[in-house]
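Asks: generate a structure from the sequence data that follows.
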Amino acid sequence: MGLMNWLGGELVDIIEWTQTDDSTMAYRFPRYRNEIKFGAKLTVREGQVAILVNLGQLADVFTPGIYELKTENLPVLSSLQHWQHGFESPFKAEVYFFNTTDFLSLKWGTKQAITLTDQTVGLIRLRAFGSYTIRIADAAVFFRKLVGTDGNFEIDEVSEHLSQALVARFSEQLASEAFSISTLASKYSELASSVTKATATEFAAYGLEIGQLYIENISLPEKVQQVLDDKTGLTILGDDLGAYTQMQAAKGMESGGSGSDMASAGVGMALGMQMAREMTQENDPVIPQLPKTYYLMVNGQRVGPLALNTVQDMLLNHDINSETMCWKKGMKEWMALEMMSEFETNAIPPPFSPSSQR
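Replies: Numbers count the residues shown, from 1 in each chain. Next up is the predicted model:
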């Protein structure tokens, strides 16, 4: 190999990164012991940032553009390596490229159900999942916190941690908001916005920024969902228990051998819901009826109030008779006992006298 070929193989004069995939977040240019030629061209494309690193220490940062690597545009590296004015020798430095475009369709989801208090049904367990996008907002911070000496940093190396952070903040935000499962679907955008704000500081600590957060579904336990579906069926049928029972029986017949089991389950569910509805229904309060009371005129004196059975006992004992005047609430005037239907004065035997034995 000639001298010129040897020099050409050792000195790097063009530095660039042509990305071939959408999963790489950071890439170290493969210099491998080769020195960078003074005046080499550094090409940083749109959606990229480049950083020069000297002996593990971050030096100069380059945004999109084409640069000729000389002392005037390498102020930090010149200072670190103590270059004098007019320095034109080859130098050693590591060049890292960072992909600053959006990383799309990253998944998040709850591995365990979240226990919350619903306004309608009380304690309930929910699961949720969705997707999100992120991008590198500060390449220097991202390099210090995550990349280090990794020459090919992939999104998979950090996405699991980011998803866990999203789930934690999602659970906190959901617990802090008063919600009802009946209206939860209409709150997806509002909830996603609050979770995005809650994670902003945590993501920024890694030099990252969350773009969009999507909540695709918040699901209820299967049994709770079945109860809600049945309640919806009852509402459509106008709370007709008979119609609902027939509907469940028909479903059971369609399913073949398990028809009777499904029909029984449907009837049991319907009866249970009917009983629950009756137990929780707000009925008018029952006002107890007070016993009727009576007033009598006995020997020119008003006597009372007296209960019905008391007046009857007085009749049987002949303390009063059928002509005794009586009044009760609702009557316009006094009248004789024999004129009042509740007293059967004709069924009362006359007083006993010895002459009746003859």
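Asks: residue 62 reaches residue 44, doesn't it?
Replies: Yes: between residue 62 and residue 44 there is a contact under C-beta atoms under 8 Å: 5.1 Å. Placement of C-beta: from N, CA and C, glycine included.
Asks: between the two, what contacts are shared?
Replies: Common contacts of residue 62 and residue 44 (C-beta atoms under 8 Å, 6 or more residues apart in numbering): residue 50.
Asks: just the strands in the stretch 101-250 of the chain please.
Replies: For the stretch 101-250 of the chain, applying DSSP state E, counting those that start in this stretch gives strands covering 103-109, 114-118, 122-136, 152-154, 208-219.
Asks: got the buried residues for the longest one?
Replies: Buried positions in strand 122-136, judged by neighbour count with 16 or more other C-beta atoms under 10 Å: 124, 126, 128, 129, 130, 131, 132, 133, 134, 135, 136.
Asks: which one of those residues is nearest residue 196?
Replies: Nearest to residue 196 out of these is residue 132 (C-beta to C-beta; 8.5 Å).
Asks: now that closest one: closest residue in space, sequence neighbours ignored.
Replies: Counting by C-beta to C-beta, 6 or more residues apart in numbering, residue 213 is the residue found nearest to residue 132 once chain neighbours are left out, at 4.6 Å.
Asks: count of neighbours near that neighbour?
Replies: 23 (other C-beta atoms under 10 Å).
Asks: residues touching it, list them.
Replies: Contacts for residue 213 (C-beta under 8 Å, 6+ apart) come out as 130, 132, 166, 192, 193, 195, 196.
Asks: so how do I select the buried members of these in PyMOL?
Replies: With 16+ other C-beta under 10 Å as the burial test, the buried ones among these are selected in PyMOL as follows:
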select buried, resi 130+132+166+192+195+196
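Asks: any idea of the mean pLDDT in stretch 300-313?
Replies: Across stretch 300-313, the average pLDDT comes to 87.
Asks: what's the span of it, first residue to last?
Replies: End-to-end distance of stretch 300-313: 20 Å, with C-alpha to C-alpha, to the nearest Å as the criterion.
Asks: so which residues make contact with that stretch?
Replies: 291-297, 314, 320, 326, 337, 342-343.
Asks: buried ones in it?
Replies: Residues of stretch 300-313 classed as buried by neighbour count (16+ other C-beta under 10 Å): 303, 304, 306, 311, 312.
Asks: possible to save these as CSV with secondary structure?
Replies: Putting the buried residues of stretch 300-313 into CSV (DSSP: H, G, I helix; E, B strand; the rest coil) gives the following:
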residue, secondary structure
303, strand
304, strand
306, strand
311, helix
312, helix
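Asks: would you list these in JSON lines and tack on distance to residue 36?
Replies: Output for those, formatted as JSON lines (distance: C-beta to C-beta, whole Å):
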{"residue": "303", "distance to residue 36": "124"}
{"residue": "304", "distance to residue 36": "119"}
{"residue": "306", "distance to residue 36": "119"}
{"residue": "311", "distance to residue 36": "122"}
{"residue": "312", "distance to residue 36": "122"}
